[in-house]
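Chemist: Got a sequence here, can you build the structure:
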Amino acid sequence: MIRTTGDAKRVGIKMAEERGKEKRDATLGSQPDHAAPVGVTVKAKIERGDRYSAPEIYNLDITLLEVVRGKEGWERIKEQGVSDELPKAGYEYVLIRIGFGYFSKARGFGHAHDAYRVRNGSFSAVSADGKTEYEIPSVLRQPQPQLVGMSFSAGESREGWIVLQVPETEKEPLLSFRREYAENVYGVWGSVWFQLS
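Modeler: Here you go, the predicted model:
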C-alpha cells in the first residue's frame, strides 16, 4: 500500500497527540492546576530515612475514590458517630474515600521493614488555587474504615475514609497529600493534588 503525504501527516499528528496525552497523564497530580480527578490513580514517590543515612525511595499509588459533602456528608458523619458538632460557621464537612498503596523499591538501606503511617495532616483540603489550606476539623473518631492512623507495610494497599472541611462557598476545592522527604535528597517532596469536586 502506498501512503500519501497526507497519510504520513495524519499518522504524525496522531503520534504527537498520543505523546502529549502521555505527558499530561504523567503530570496529573503534580500541581494544583493539574490536580487528578476522582478515579485516577496518581503514582508518586516518597523518601524514608534521615539525614544520617542514605534515604530509601518508596512508591505510592493514591486514588481519590469518592467525595461526599454538604447535607449527605453531615448525615453520614452523624450516623457513624464521627462528630456530633456541626462544622464551624460557613464551612461544611467533606468525607473522602481514598485508595492508598505503599510499595518498596528494589534497593534499600534498612527502612524496608518500617511501616508507613498515614498521619493526621498527611491530607488536607485546599482552595482551588492551591494557596489556602483549610483547618482539619477535630472529630470524635475517624470514619470507618479509616485511613488516618493506619500503618502500611511495603506492598500493601487499602481503602479508607478521611474527614475534612471546606467553606460552603468553595465550589472546586482541592485535596493535597504531603509527601515525606529526607533532607530533599532526591527532590520528590512536592505535594500531590486531587480535585475534590
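
Chemist: Give me the phi and psi angles of the closest residue to residue 174 other than its chain neighbours.
Modeler: Distance criterion C-beta to C-beta, 6 or more residues apart in numbering; nearest residue to residue 174, sequence neighbours excluded, is residue 126 at 4.6 Å. C-beta here means a position set from N, CA and C on the backbone, and glycine is covered the same way. The phi and psi values for residue 126, taken as degrees, to the nearest 10, are phi -140, psi 150.

Chemist: do the same with residue 74
Modeler: Given degrees, to the nearest 10, the pair of backbone angles that residue 74 has is phi -70, psi -40.

Chemist: isn't it right next to residue 86, touching?
Modeler: Yes: assessed by C-beta atoms under 8 Å, residue 74 is found in contact with residue 86 at 7.4 Å.

Chemist: So for the two, which sits in the more crowded spot?
Modeler: Neighbours were tallied for residue 74 and for residue 86 using other C-beta atoms under 10 Å; the higher tally belongs to residue 74 (18 against 12).

Chemist: For the closest residue to that one other than its chain neighbours, name its beta-bridge partners.
Modeler: Once flanking residues are discounted, residue 74 sits nearest to residue 93: 5.8 Å by C-beta to C-beta, 6+ apart. Bridge pairing for residue 93 (DSSP bridges) gives the partners residue 165.

Chemist: how near is residue 93 to residue 143?
Modeler: The gap separating residue 93 from residue 143 is 10 Å, by C-beta to C-beta, to the nearest Å.

Chemist: just to revisit the earlier point, which residues are in contact with the residue nearest to residue 174?
Modeler: By C-beta atoms under 8 Å, 6 or more residues apart in numbering, the contact set of residue 126 is 32, 132, 133, 134, 173, 174, 175, 176, 193.

Chemist: what about the helices in this structure?
Modeler: Taking DSSP state H as the criterion, the chain carries its helices at 5-27, 70-80.

Chemist: Those helices: lowest mean pLDDT?
Modeler: Mean pLDDT per stretch puts helix 5-27 lowest among the helices of the chain, at a mean of 53.
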